[in-house]
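Q: build me a model:
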Amino acid sequence: MHQRAIVWFVWSIIMTFAVTFAYTHDQTGVTSSTSRHSHHHHHHQPTRSLQPSLSYLTIGNPASPHTLELYLDFVCPYSAKIFLNAVDSVLKPWVTEGTYAGKVKLVFRLQPQPWHGSSTFTHEAALAVGRVAPNRFYDYAIELFKAQTEFFDIPTSTLTPLQIREKLVSLVPEGIDRKAVGELLELKSTPNGGVGVTDDLKYNIKLGRQNGIHVTPSALWDGLLTQEVSSSWAKNEWEWFLKARVTA
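A: Sure thing, here's the model as predicted:
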């Protein structure tokens with residue numbers, strides 16, 4: 001009995017020491033991570049969430065303190081309207097070389113709407129171009145929006161997925177390696193394995209779902225959904241919108 005009591009006593013001391021050490025170590029970790037976190041607040045506001053391999057989805061200086069995110073679908077008429085009428089002719093010039101250069105960056109979020117059967121294919125093609133020629137992604141996005149009616153439900157209803165993908169590759173602008181784009185859009189050897197850019201597509205979709213995005217186009221200003229943005233806005237409305245919000 002006496003021997004058992006000694007063993008129990010020694011075991012208690014060891015356990016007490018182990019628990020104390022673990023707690024102290026954990027607290028130290030918490031303290032250091034907190035100080036790291038607060039330290040970051042002294043720097044510029046970080047870039048809004050974007051996987052580094054998809055940095056081509058940003059228009060303007062990535063270090064700009066303000067962020068305008070637009071969730072768009074290549075097969076959505078209102079997305080085409082906002083992209084061709086506002087992004088291309090008004091916002092892009094402003095954030096790259098105009099009034100808001102270095103103040104606002106524009107982030108293009110891909111939001112394929114599943115009720116349009118060919119939408120996924122258009123977004124995969126855009127991501128493939130982004131992988132092969134990141135600096136030409138924007139040019140291809142314009143081509144897709146201009147040709148979007150070719151990928152509507154009825155025009156694509158008699159085409160196979162392979163034919164739709166071939167059609168998308170044929171829209172790739174000159175100077176981009178079409179063969180490389182096409183290869184990224186080829187199905188993998190497993191029966192349900194997706195294509196070369198499936199993970200990039202998943203990243204965009206997960207982000208949209210996580211943020212509760214439903215409608216396209218949807219706009220977020222500095223991370224918060226803003227309801228008033230409309231696809232019919234012209235230069236004046238955008239001027240009013242940005243002037244009221246840009247504080248940097």
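Q: can I get the CA coordinates of the host helix or strand of residue 204 in PDB?
A: Assigned by DSSP states H and E, residue 204 belongs to helix 198-210. Taking Å, rounded to 0.1, in the frame of the first residue of the first chain, the C-alpha atoms of helix 198-210 are listed here in PDB:
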ATOM      1  CA  THR A 198     -11.700  23.100 -61.200                       C
ATOM      2  CA  ASP A 199     -10.000  24.100 -57.900                       C
ATOM      3  CA  ASP A 200      -9.800  27.800 -59.000                       C
ATOM      4  CA  LEU A 201     -13.500  27.600 -59.900                       C
ATOM      5  CA  LYS A 202     -14.300  26.000 -56.500                       C
ATOM      6  CA  TYR A 203     -12.500  28.900 -54.700                       C
ATOM      7  CA  ASN A 204     -14.700  31.500 -56.400                       C
ATOM      8  CA  ILE A 205     -17.900  29.500 -55.700                       C
ATOM      9  CA  LYS A 206     -17.000  28.900 -52.000                       C
ATOM     10  CA  LEU A 207     -16.300  32.600 -51.500                       C
ATOM     11  CA  GLY A 208     -19.700  33.500 -53.000                       C
ATOM     12  CA  ARG A 209     -21.600  31.000 -51.000                       C
ATOM     13  CA  GLN A 210     -19.800  31.900 -47.800                       C
END
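Q: so what does that helix touch, helix or strand wise?
A: Counting contacts by 3 or more Cβ pairs under 8 Å, 6 or more residues apart in numbering; DSSP states H and E, helix 198-210 packs against strand 104-110, helix 119-132. All C-beta atoms are positioned from the backbone trio N, CA, C, and that covers glycine.
Q: mind running it again at 10 Å?
A: Judged by 3 or more Cβ pairs under 10 Å, 6 or more residues apart in numbering; DSSP states H and E, the packing partners of helix 198-210 are strand 66-72, strand 104-110, helix 119-132.
Q: next secondary structure element downstream of it?
A: Going down the chain from helix 198-210, the next helix or strand is strand 218-221, by DSSP H and E.
Q: that following strand pairs with which strands?
A: strand 66-72 (antiparallel), strand 224-226 (antiparallel) (DSSP bridges).
Q: quick one, which of the ones you listed gets closest to residue 209.
A: Closest to residue 209 of these, according to Cβ to Cβ: strand 66-72, at 11.1 Å.
Q: between that closest one and helix 119-132, how big is the angle?
A: Angle, strand 66-72 to helix 119-132, by axes from the mean of the first three to the mean of the last three Cα atoms, to 10 degrees: 130 degrees.
Q: from what I see, residue 176 and residue 138 are in contact.
A: No. If you go by Cβ atoms under 10 Å, residue 176 and residue 138 don't touch, sitting 11.9 Å apart.
Q: quick one, helices of this structure?
A: Under the criterion DSSP state H, helices of the chain are mapped to 2-40, 77-81, 92-96, 119-132, 137-146, 153-156, 161-170, 178-184, 198-210, 235-245.
Q: can you tell me how far the residue nearest to residue 219 when sequence neighbours are not counted is from residue 86?
A: Excluding the flanking residues, the one nearest residue 219 by Cβ to Cβ, 6 or more residues apart in numbering is residue 229, at 3.8 Å. Counting by Cβ to Cβ, to the nearest Å, the gap from residue 229 to residue 86 is 9 Å.
Q: sorry, back to before: any idea which of the helices of the chain scores lowest on pLDDT?
A: Ranked by mean pLDDT, these end with helix 2-40 at the bottom, a mean of 51.
Q: before we move on, back to that, and for residue 176 and residue 138, which residues touch both?
A: The contact sets of residue 176 and residue 138 overlap at residue 129 (Cβ atoms under 10 Å, 6 or more residues apart in numbering).
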